[in-house]
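*Asks:* Sequence plus the predicted model coming up.
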Protein chains: 2
Amino acid sequence: MIVGAAELRAFAATALRAAGASGPDADLTAEVLVAADLSGVDSHGVARLRRYVEGLREGAIDGLASPEVVRDHGAVAVVDAHNGLGQPALCFAMDLAVERASAQGIAAVAVRRSNHIGIAGWYTERAARAGMFAIATTNATPQVAPSGAGEPMFGTDPISYAVPSTDGPLCFDAATSIVPRGKLERLRREGRPMRPGWAVGPDGESATDLPAVVAGLKARAGFALLPLGGLGEEYGGHKGSGLALLAELLCGPLAGARWSKHTYDESGAGLGQFVLCLDLGALGEPDVVAGEVHRLTAEVRSARPAKPDVPVRMPGDRRRRSARQRAADGIPLLPPVVTDLAKIAALTGISPLQAKGGDG
Amino acid sequence: MIVGAAELRAFAATALRAAGASGPDADLTAEVLVAADLSGVDSHGVARLRRYVEGLREGAIDGLASPEVVRDHGAVAVVDAHNGLGQPALCFAMDLAVERASAQGIAAVAVRRSNHIGIAGWYTERAARAGMFAIATTNATPQVAPSGAGEPMFGTDPISYAVPSTDGPLCFDAATSIVPRGKLERLRREGRPMRPGWAVGPDGESATDLPAVVAGLKARAGFALLPLGGLGEEYGGHKGSGLALLAELLCGPLAGARWSKHTYDESGAGLGQFVLCLDLGALGEPDVVAGEVHRLTAEVRSARPAKPDVPVRMPGDRRRRSARQRAADGIPLLPPVVTDLAKIAALTGISPLQAKGGDG
């Protein structure tokens, strides 16, 4: 099924409102989710909506919560999301960081008692449009084995950064694991194999039995995704593990949030996030700095490609191309997502989503 | 040859002074270099001394330069190292960041017109001892291919972070490439093979002819190290590439420093560095936050190991163990380093280094 972005956004917002979210929070959350679908990051788009709607309906997420600054040190603040939706909480935090960094040159805001935030790059790109170099990271339920371990202790914790450039923000956004669980689920659906070295099994060796890995990750039974660099240290698994640990530290202990196996209990997800903004104007003339960012990225792009027919890509290229194409042609939804959205409509009593062109 | 740390430090400082560095700068630079040797990071220790001494003698490095704050925005500052030694410049920048973050909660300092800084972890660990979560990164001469490229555009740019923990600072420090060039040189000396996927050759494929790779990297001819995640995107090479790009952005365009192929010309290295400090006290009670850091790391350590007989390591474990052992037993220097140090003594007219126990 192919749907229009505006229709998908309206459907998601209506569903979230019907499930108990406030109007502005529903709109913002729908916007961030559909931004992921537009960008081709389907795992973080409306594929997540059912969990949000169920969480709101069951009270696991508080749809009427407002994020609150509970510690204010000027350029450093801590926000309590009060177990509301993650998107409005992190957007509040990032906007606060932009405001404080505009005044002080740099600012960091940590968020505690939060929920899933969608794509981290949405927030950093927003800050970059306001003239900031920005970083955002979040923790998540454990799925990734630290280097040397045979069980999950880290989330797939993404790290995103964005920086103004002459031709618009440059935005990097990637999980600190080699692949996200969503990629394994997609490969299994498509009947394609997984690669050795993406996950570790109960025997401490690389696991490649895809259905067993997907089931084991879900059941938290003896399988774990591997951090960037893979199993052992020959390819830098200890480095990827240290980067995942960085996200865990910033979003857990430093934010005063829950972490690792202590996330997601009866009181809520308790996730933590961390954002940082650095005003380009504190370092130099903003246009000059953005121009130099553009010169660097243009020069990297012009490097001799490894394969003559495959141009060197920069962070965000693929997402931007997908967004242009899907804004024009519509967003293709996979069958399980279509089923989910129909269930959401039935559950909340809202009108079902129509295919693009209205004939669906 | 095995030497005592104090003797090695004194030799290095004397050599740097004889080559034209000011007394305090020579002492600090010797301290950072020998800290690497103690930690087992031999590639960043006195193995570099000859290049420093020659650079000072030839005027490529200005031994009497003083770092100067050329842009001051309170919590954000830019330092011009005036082409002095990198160690005193970055130590000045980190101490400034600690001071500013103590007042404002968070601070960033960028350095331009700088030189090689040794191990980045020395500076972050210093800041962590002052109660800071700290980050340090530097650019370097290009040796690493961006994802999709067949030629070097990025340095092996390390990213280091450190954070106070109940049992002392936790410190991560790693190049953003899978392996540093120094590792390849060591393997070649030892007659051991390199692994596929560490480097890319002129044909855009994984290169494993170790002598050819080492020579090609040195001559900047058709070979490049690969970023964390390796060749292509199957194992996240685009992620490692994006992290190297982060270091390049912070240390180049944002610092107003040279970057990529524009480093190291007749006016000096022109390297850039970037440090950031976040005062734990701005986020909560420092002891409580450090205690939570310790709880997290202890829990990760206690994860079920992948191999029953190999305990899960945390960043810094190996360096700390090496430092304890080498402080007691002395620092083993490889034959080419011993030759280098003898040449330095002859060049500068200082007393040659003696082996530990004085019988060397």
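*Replies:* That came through, no problem.
*Asks:* Could you use CA atoms for every contact and neighbour count after this?
*Replies:* OK.
*Asks:* measure stretch A:69-76 end to end?
*Replies:* Distance between the boundary residues of stretch A:69-76 (CA to CA, to the nearest Å) amounts to 10 Å.
*Asks:* would you say A:Val111 is within a strand?
*Replies:* Yes. Assigned with DSSP: H, G, I helix; E, B strand; the rest coil, A:Val111 falls within a strand.
*Asks:* Quick check: bridge partners of it?
*Replies:* A:Val79, A:Gln273 (DSSP bridges).
*Asks:* Report the separation between the nearest residue to A:Pro158 once chain neighbours are set aside and A:Phe11.
*Replies:* Of all residues not flanking A:Pro158 in the chain, A:Ala175 sits nearest, at 3.8 Å (CA to CA, 6 or more residues apart in numbering or on different chains). Distance of A:Ala175 to A:Phe11, computed by CA to CA: 28 Å.
*Asks:* who's in contact with the residue nearest to A:Val46 when sequence neighbours are not counted?
*Replies:* Nearest residue to A:Val46, sequence neighbours excluded (CA to CA, 6+ apart): A:Leu33, at 5.7 Å. Going by CA atoms under 8 Å, 6 or more residues apart in numbering or on different chains, A:Leu33 touches A:44-46, A:48, A:118-119.
*Asks:* buried ones in the host helix or strand of A:Ala30?
*Replies:* Assigned by DSSP states H and E, A:Ala30 belongs to helix A:23-39. In terms of neighbour count (16 or more other CA atoms under 10 Å in any protein chain shown), helix A:23-39 has its buried residues at A:23, A:25-39.
*Asks:* Then stretch A:293-310?
*Replies:* A:293-294, A:296-297, A:300-301, A:303-306.
*Asks:* which ones among those come in contact with chain B?
*Replies:* When CA under 8 Å from any CA of the partner chain is applied, the members of the buried residues of stretch A:293-310 adjacent to chain B are A:293, A:296, A:300, A:303-306.
*Asks:* Which of those sits closest to B:Val289?
*Replies:* Nearest to B:Val289 among these: A:Val293, at 35.4 Å, using CA to CA.
*Asks:* The closest one reaches B:Pro253, doesn't it?
*Replies:* Yes. Because the distance of 5.5 Å satisfies CA atoms under 8 Å, A:Val293 is recorded as touching B:Pro253.
*Asks:* which ones are touching the residue nearest to A:Pro158?
*Replies:* Counted by CA under 8 Å, 6+ apart, A:Ala175 has contacts A:156-159.
*Asks:* Let's see that with 6 Å instead.
*Replies:* With contact set as CA atoms under 6 Å, 6 or more residues apart in numbering or on different chains, A:Ala175 has these partners: A:156-158.
*Asks:* hmm, who's touching stretch A:116-131?
*Replies:* Residues contacting stretch A:116-131 (CA under 6 Å, 6+ apart): A:44, A:86-87, A:134-135, A:160-164, A:169, A:173.
*Asks:* before we move on, back to that, return the subset of the ones next to chain B among the buried residues of stretch A:293-310 lying in helices.
*Replies:* Within those, membership in helices is found for A:293, A:296, A:300, as judged by DSSP state H.
*Asks:* give me the number of residues near the nearest residue to A:Trp198 once chain neighbours are set aside?
*Replies:* Nearest non-adjacent residue to A:Trp198, counting by CA to CA, 6+ apart: A:Leu226, 5.6 Å away. Counted with other CA atoms under 10 Å in any protein chain shown, residues neighbouring A:Leu226 total 33.
*Asks:* Ok, A:Leu334 next?
*Replies:* Neighbour count of A:Leu334, defined by other CA under 10 Å: 14.
*Asks:* so how far is chain B from it?
*Replies:* Distance, A:Leu334 to chain B, by CA to the nearest CA, to the nearest Å: 23 Å.
*Asks:* for A:Leu8, same thing?
*Replies:* Separation of A:Leu8 from chain B (CA to the nearest CA) stands at 30 Å.
*Asks:* tell me which element that residue is part of?
*Replies:* helix A:5-18.
*Asks:* Are there helices or strands packed against that helix, and which ones?
*Replies:* Helices and strands touching helix A:5-18, by 3 or more CA pairs under 6 Å, 6 or more residues apart in numbering or on different chains; DSSP states H and E, are helix A:23-39.
*Asks:* And the pLDDT for the residue nearest to A:Pro158?
*Replies:* On the pLDDT scale, A:Ala175 is placed at 97.
*Asks:* do A:Ala5 as well
*Replies:* 98.
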